[in-house]
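Q: Give me a model of this one.
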Amino acid sequence: MKLREVKELLDANVIVGIEKLDMEVSTAFGADLMSDVLAFAKAGALLLTGLTNAQVIKTAATRHIAAIIIVRGKEPSSEAIDMAKELQIPILTTKYILFETAGILYSKGIVGCLKKVESDVFHN
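A: This next block holds a predicted model:
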């Protein structure tokens, strides 16, 4: 699916990356804990999050995230916008909550970049 279609499905606004709307995406990961993103998100996935700060952009860059979808009608900080422009990471915003955003995308063929955690990552 093209990022343009994601934008339409989510009635989203493009904050950064309008030139990348023809990018193909097929997976997503949703989290507000950036440690979870670092541990589980895969390169090329959409990141669904309610966080709006520059740390989200840094984390997305580290994991080679295709684009960030900020949920719940939140707007990214100016620092995050500047960093996303510099790193060429698209940011879209939607008024849908995280659960609904994931459901809408899933119903249209976007799947999780990970179905379940295969190892006992958080327990020793």
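Q: would you list every one of the helices in the chain?
A: With DSSP state H as the criterion, the chain has helices at 3-9, 34-40, 54-63, 78-87, 98-107.
Q: Please tell me how far the residue nearest to residue 65 when sequence neighbours are not counted sits from residue 22.
A: Excluding its sequence neighbours, the residue lying closest to residue 65 (C-beta to C-beta, 6 or more residues apart in numbering) is residue 47, at 4.7 Å. Quick note: C-beta positions are derived from backbone N, CA and C, even for glycine. To residue 22, residue 47 is 19 Å away according to C-beta to C-beta, to the nearest Å.
Q: circling back: of all the helices of the chain, which one is nearest residue 69?
A: helix 98-107 (6.3 Å; C-beta to C-beta).
Q: So for the closest one, what gets flagged as buried?
A: 98, 101, 102, 104, 105 (16 or more other C-beta atoms under 10 Å).
Q: what is the rounded mean pLDDT of that helix?
A: For helix 98-107, mean pLDDT rounds to 97.
Q: likewise stretch 30-46?
A: Stretch 30-46 shows a mean pLDDT of 96.
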